[in-house]
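S.K.: I'll drop the sequence and a predicted model, then ask my questions.
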Amino acid sequence: MSNKNTSEIKFLIELDENRVPEKLLWSAKDGGVEQEEAKAIMLSIWDSKAKESMRIDLWTKDMPVDEMKIFFHQTLVAMSETFKRATDDEKMADTMKDFCDYFAEKLELTK
């Protein structure tokens, strides 16, 4: 019999009367994170039976638009890096990074 390790990540979403997120908190005890506040969350989950991704995208009503643009850019960059590690497809990862550069330029994120 093998020993199974588990790890838990929790999200706590405080909603207003219209069910719009006012506060996002997350915890990951293995990572030393306990009730840390966030302004946005993007979570993707792969359903291998249905062969489709499921998503949860939340942001607080006080998330600044300029920070949302940076958040998207950094997420896209991270996705290109993860794609490279997961598939070893360097050519497509480089293409994705090129798009990230274009995205940052069009949003004037690079100074």
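M.R.: Now that the structure is in, tell me what you want to look at.
S.K.: Would you mind giving the domain segments of the protein?
M.R.: What the TED database lists as the domains of the chain is 1-61, 64-110.
S.K.: Share the number of residues neighbouring residue 63, please.
M.R.: Residues lying near residue 63 (other CB atoms under 10 Å) number 16. Every C-beta, even on glycine, is put in place using the N, C-alpha and C of the backbone.
S.K.: And residue 24, by the same measure?
M.R.: So residue 24, with other CB under 10 Å, has 19 neighbours.
S.K.: shaky segments in the chain?
M.R.: Applying pLDDT under 70 to the chain flags the ranges 1-2, 111.
S.K.: Could you pick out the longest helix of it?
M.R.: helix 65-87 (DSSP state H).
S.K.: Buried ones in that helix, by neighbour count?
M.R.: 69, 71-73, 76-77, 79-80, 83-84 (16 or more other CB atoms under 10 Å).
S.K.: Check stretch 30-40 too.
M.R.: Neighbour counts over stretch 30-40 (16+ other CB under 10 Å) mark 38-40 as buried.
S.K.: Let me have the buried residues of helix 65-87 in TSV, adding distance to residue 55 as columns.
M.R.: Compiled in TSV, these are given as follows (distance: CB to CB, whole Å):
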residue	distance to residue 55
69	19
71	15
72	14
73	18
76	15
77	19
79	13
80	18
83	17
84	22
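S.K.: and of those, the nearest to residue 33?
M.R.: residue 71 (17.7 Å; CB to CB).
S.K.: Which residues are in contact with the nearest residue to that closest one once chain neighbours are set aside?
M.R.: Of all residues not flanking residue 71 in the chain, residue 40 sits nearest, at 5.5 Å (CB to CB, 6 or more residues apart in numbering). Neighbour list for residue 40: 24, 57-60, 63, 68, 71 [criterion: CB atoms under 8 Å, 6 or more residues apart in numbering].
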